[in-house]
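>>> Based on what follows, work out the 3D shape:
(one chain, ligands or ions: 1)
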Amino acid sequence: MGVASPSKTTPFLASGRATRPAVEALKAGKPSHEQIQNGILRRAAPITLSNQCLKCHVPDRKSTEDRKAGLIISIPVAER
Ligand code: HEC
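Down below sits the predicted model:
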């Protein structure tokens with residue numbers, strides 16, 4: 001998993017593992033997005049990174065405003 005570090009222009013940045021449909025769903029205001037692929041459930045949901053978090057997660061930030069990041073949680077599931 002990875003915390004995407006979103007820029008100002010892209011509030012939800014797709015990390016290498018985020019899928020385009022998940023990013024689009026979150027941008028459209030959905031609370032979360034789930035998909036199962038190759039036996040892995042991936043749930044994407046937005047989290048807020050406040051300034052205290054950003055000092056590590058976006059060290060080159062240019063402002064101290066809160067930012068949204070997409071957090072992807074992957075869980076192996078049995079497919080039937
Ligand atoms: C002292 C530096 C530091 C601060 C402050 C910090 N983090 Fe992190 N955070 C890290 C590091 C380092 C990792 C591990 C990165 C990795 O393994 O990919 C991590 C991992 C995470 C992860 C899990 C990423 C993943 O996908 O596995 C989340 C979620 C997260 N941080 C959210 C936050 C939030 C929310 C805050 C503020 C409340 C915060 N962090 C503050 C350094 C920090």
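>>> phi, psi of residue 21?
phi -60, psi -40 (degrees, to the nearest 10).
>>> My guess is it contacts residue 37. True?
No - applying C-beta atoms under 8 Å as the test, residue 21 and residue 37 come out as separate, 10.9 Å apart. All C-beta spots, glycine's among them, are computed from the backbone N, C-alpha and C.
>>> Which of the three states applies to the closest residue to residue 46 other than its chain neighbours?
Spatial nearest neighbour of residue 46, chain neighbours left out: residue 68 (5.0 Å); criterion: C-beta to C-beta, 6 or more residues apart in numbering. At residue 68 the chain is in strand, as set by DSSP: H, G, I helix; E, B strand; the rest coil.
>>> can you list contacts of stretch 39-49?
Contact with stretch 39-49 is made by 3, 12, 17-19, 22-23, 25-26, 31-36, 57-58, 66-79, as judged by C-beta atoms under 8 Å, 6 or more residues apart in numbering.
>>> hmm, 7 Å instead?
Stretch 39-49 is contacted from outside by 12, 18, 22, 26, 31-35, 57, 66-77, 79, using C-beta atoms under 7 Å, 6 or more residues apart in numbering.
>>> All the strands of this structure, residue numbers only.
33-37, 40-49, 67-76 (DSSP state E).
>>> any chance of those in JSON lines, with mean neighbour count and mean pLDDT too?
Listed next are the strands of the chain as JSON lines, based on neighbours: other C-beta atoms under 10 Å; pLDDT from 0 to 100:
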{"stretch": "strand 33-37", "mean neighbour count": "14", "mean pLDDT": "89"}
{"stretch": "strand 40-49", "mean neighbour count": "16", "mean pLDDT": "91"}
{"stretch": "strand 67-76", "mean neighbour count": "17", "mean pLDDT": "88"}
